[in-house]
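> Pasted the sequence and its predicted model underneath.
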Amino acid sequence: MRNVLIPCNRLVRLLRVRTGSSHVLSTVGRAVWAREVATWSPLGTAFNTKTAKRLNLFRENVGLFEVPELTSPSGFQRAEAKVAREAAELVEATIGAPTGIQVVQLFDKLSDTLCRVADLADCIRVVHPNPKFAHAAQQTCFHIGALVEQLNTNIGLYDALKRLLHDEAAMASMDEESRRVAELFMFDFEISGIHLPDLQREMAVQLNEDILTLGSDFSKGVNTPNAVPKSVLPDHLKYCFSVDGDKVIVQNMHSDSGNDAIREAAYKLYLHPNPQQERVLETLLSARNRLAQLVGYPTFAHRTLKGTMARDPETVMSFLKATGEGLIHRTMEEFSLMRAYKAKHSPSNPNLAPWDPPYYSAFIKADRFKIDPTEYAPYFSLGACMEGLNCLFSQLYRISLQPQETHNGEIWDSEVKKLAVIHETEGILGHIYCDFFQRPGKPHHDCHFTIRGGRQLDNGDYQIPVVVLMLHYPPPTMTKPTLLTPGMMENLFHEMGHAMHSMLARTRYQHVTGTRCSTDFAEVPSVLMEYFASDYRVLSQFARHYQTDETLPEDMLRKLCESKKLFQASELQQQVLYAIVDQVYHGKHPLGKSTTDIFAELQNKYYGLPHVQGTAWQLRFNHLVGYGAKYYSYIMSRAVASRLWHQCFKDDPFSGTMGERYRREMLAHGGGKDPKLMVESMLQKQLSTEDLVQSLLDDLAE
């Protein structure tokens, strides 16, 4: 995520009509483009123009993220060695430290030492286009992960922390954040079974290893295409899929196909039960349950939900069931509308099936609203969107996003932009590396990486946070900036919500900085930003046609918002089903039935469309690996974000008073305070399950 400035006169030279070239700009087009570039701020220019190539022959290589060891792939080994030395020194210091706040500070230093390399490596293994760098980073992730496992079973460290937690006077003398961080470190220790007798501790270590392996195996199975004999398909469908010899390869559910028969065949074949994959899933769920019970929890869900906004699985299930009940009437109305469209366009097969909603919801939206995302894109140049975010943040938080020059070797691709986040009075709050543009081999998913967490240093200074935002946009060209569809623009706002959580947090400890908090709270700031991205008052500040400077017409936004509301109930109903499945799988064991039978039963009860015999959707549910017992988090985060928007920002989305309060009560604390209490402090009331459900339903009714 880098910033690059190209002077306007240079850009005009680049756009000069080239005699004899087929790539010739008209005089009018050239004039408009040059005029628009001249009106961009440095921030807009950085994101709307291609980066000028720079020769680095005589510039010192400062290393990735200015880490001096990381000038080459082999530097990861040097970084690992440095971590090992520093960690050994900190372990010794922690074990010998007097009982008191110093123990917490040393634990956090140790965590910071490990995370500053492990988190960086985790990012580089994903984003770096050089396979040697990516491989070296991957190896570092493995090696530091092994070191962490060793430390999690270090009895001396555990005893030092246990002495502190059992010393009532020492705990009472510490601030709330220090006490919480001490308890979180102990939680991390105990899920590794360190407090157990030797035999049980060995079992816990083995179960943790098994869970990692089983999760990896399940993820591989999720993404493996199904190969079936051509003979199982009628002739008119055999060549609608990839063919390999006498096999048909089904790689996905073909949800966007306009052919009902293709969607049905793809759904049934892609979701056909795989006995080996089901055994992996059931073994994974059983191992998680055994580990949870071994370390003192009734179920894996109870262990996972400790310290979250939800608190416990009973609260989660109550919330999900109430949400499903509140949605079902609207959901069935939406299914009826889809069914009517299907009967009109496919009279021989009018019944609505589970493979139909993705196609017909998109079809009906297009038919009703005639929305073409490409008509909106010229109003959402990436540079304009970044200027809009800057305008919003300056009013809410008194901060600005300022492009920074990068040094040789600091970034992994020339199109990465670096931003400094600068507060009016506090100075630099942190840095954001923006890796926004497509390139060969780059993953397609959007995400936020914490590279360095913020924390208070011994000398009184603050270690400023560093994050990476990875998106997947087409790069600008010499004749056109990157233009975003409304969905892309909303994703940008969402990910910048995560970045602001990291930048605006000012926790004492990096262990709880920014997004290092419970999952059901971490998504609140990012989902809240989606509400700003749908507000015309916000969009009108920046959504202007990149050629004509025309503001996005309000009726276009109104039509877009109306289209987003259509079928929102049935889409949310489906997410409720998946979240309930996740809770049941991680609830009381033994499950008593196969995971397929459980899924079928729950779909028939909570979705509104019957389960299809001979399918096993859960075997493609990869979120069971990374979000086990936490899939509900996005739904609950949306409910909280909705309440925040309507109560705090809807009347004035630019309120500096409310923005400062939001930072003070929520963002500043990261995971350093109880998330439920932070929300209650911001809203000045306790939120009941009924309140959360009503927030979701109110969104649908607007």
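Thanks, I have the structure now.
> how far away is Ile101 from Ala172?
For Ile101, the distance to Ala172 equals 11 Å [Cβ to Cβ, to the nearest Å]. All C-beta atoms are positioned from the backbone trio N, CA, C, and that covers glycine.
> So for the two, which sits in the more crowded spot?
Ranked by neighbour count (other Cβ atoms under 10 Å), Ile101 and Ala172 place Ile101 first, with 20 against 8.
> Identify the residues contacting Met338.
The contact partners of Met338, by Cβ atoms under 8 Å, 6 or more residues apart in numbering, come to 352, 356-357, 360-361, 364.
> Quick check: it vs Arg664, distance?
Applying Cβ to Cβ, the value for Met338 to Arg664 is 46 Å.
> Can you name the residues bridging to Val421?
Leu401, Gly430 (DSSP bridges).
> I figured it was touching Pro403, is that so?
No. With contacts defined as Cβ atoms under 8 Å, Val421 does not count as touching Pro403, sitting 11.6 Å away.
> In the contacts of Met338, find the pair that's most separated.
Spanning the widest gap among the contacts of Met338 are Leu352 and Ile364, at 12.2 Å by Cβ to Cβ.
> residue boundaries of the helices in the stretch 1-150 of the chain?
For the stretch 1-150 of the chain, helices defined by DSSP state H, counting those that start in this stretch occupy the ranges 8-14, 27-39, 42-48, 75-95, 101-127, 131-152.
> Give me the angle between the next helix or strand after the last one and helix 101-127.
Past helix 131-152, further along toward the C-terminus, the next helix or strand under DSSP states H and E is helix 155-166. Angle of helix 155-166 versus helix 101-127, following axes from the mean of the first three to the mean of the last three Cα atoms, to 10 degrees, is 120 degrees.
> which other helices and strands contact helix 155-166?
For helix 155-166, the elements it packs on are helix 75-95, helix 101-127, helix 168-172, helix 176-190, judged by 3 or more Cβ pairs under 8 Å, 6 or more residues apart in numbering; DSSP states H and E.
> tell me the contacts of Pro474?
Taking Cβ under 8 Å, 6+ apart as the contact definition, Pro474 lies against 437-438, 482.
> for stretch 307-316, the distance to its chain's centre please.
Here the centre of stretch 307-316 is set off from its chain's centre by 21 Å, with Cα atoms, centre = their mean, to the nearest Å.
> biggest helix in the chain, by residue count?
helix 313-345 (DSSP state H).
> for the next helix or strand after it, packing partners?
Proceeding N to C from helix 313-345, the next assigned helix or strand is helix 357-369, under DSSP H and E. In this structure, helix 357-369 packs against helix 313-345, helix 554-565, helix 568-585, with contacts taken as 3+ Cβ pairs under 8 Å, 6+ apart.
> Please spell out which residues along the second one are buried.
What it means is helix 554-565. The neighbour-count check on helix 554-565 (16 or more other Cβ atoms under 10 Å) flags 556-557, 559-560, 563-564 as buried.
> Then Met309 would be within a helix, right?
No. Using DSSP: H, G, I helix; E, B strand; the rest coil, the assignment for Met309 is coil, not a helix.
> For it, which residues are in contact?
Met309 sits next to 518, 520-521, 636, 640, 675-676, 679 when contact means Cβ under 8 Å, 6+ apart.
> Kindly reformat the residues you listed as TSV containing pLDDT, distance to Val581 and neighbour count.
As requested, the contacts of Met309 are exported to TSV (pLDDT from 0 to 100; distance: Cβ to Cβ, whole Å; neighbours: other Cβ atoms under 10 Å):
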residue	pLDDT	distance to Val581	neighbour count
Ser518	96	21	22
Asp520	97	17	24
Phe521	97	23	28
Met636	98	16	28
Val640	98	22	26
Pro675	97	24	24
Lys676	96	25	19
Val679	98	26	20
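> can you redo the residues you listed as TSV with secondary structure?
Formatted as TSV, the contacts of Met309 follow (three-state DSSP):
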residue	secondary structure
Ser518	coil
Asp520	helix
Phe521	helix
Met636	helix
Val640	helix
Pro675	helix
Lys676	helix
Val679	helix
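> Tell me the spatial nearest neighbour of the spatially most central residue of the chain, not counting adjacent residues.
Compute the mean C-alpha point of the chain, and by Cα atoms, centre = their mean the closest residue is Cys447, 4.8 Å away. Take Cys447 and drop its neighbours on the chain: the residue closest to it by Cβ to Cβ, 6 or more residues apart in numbering is Met470, 5.2 Å away.
> Measure how buried that neighbour is and give me the count.
Neighbour count of Met470, defined by other Cβ under 10 Å: 22.
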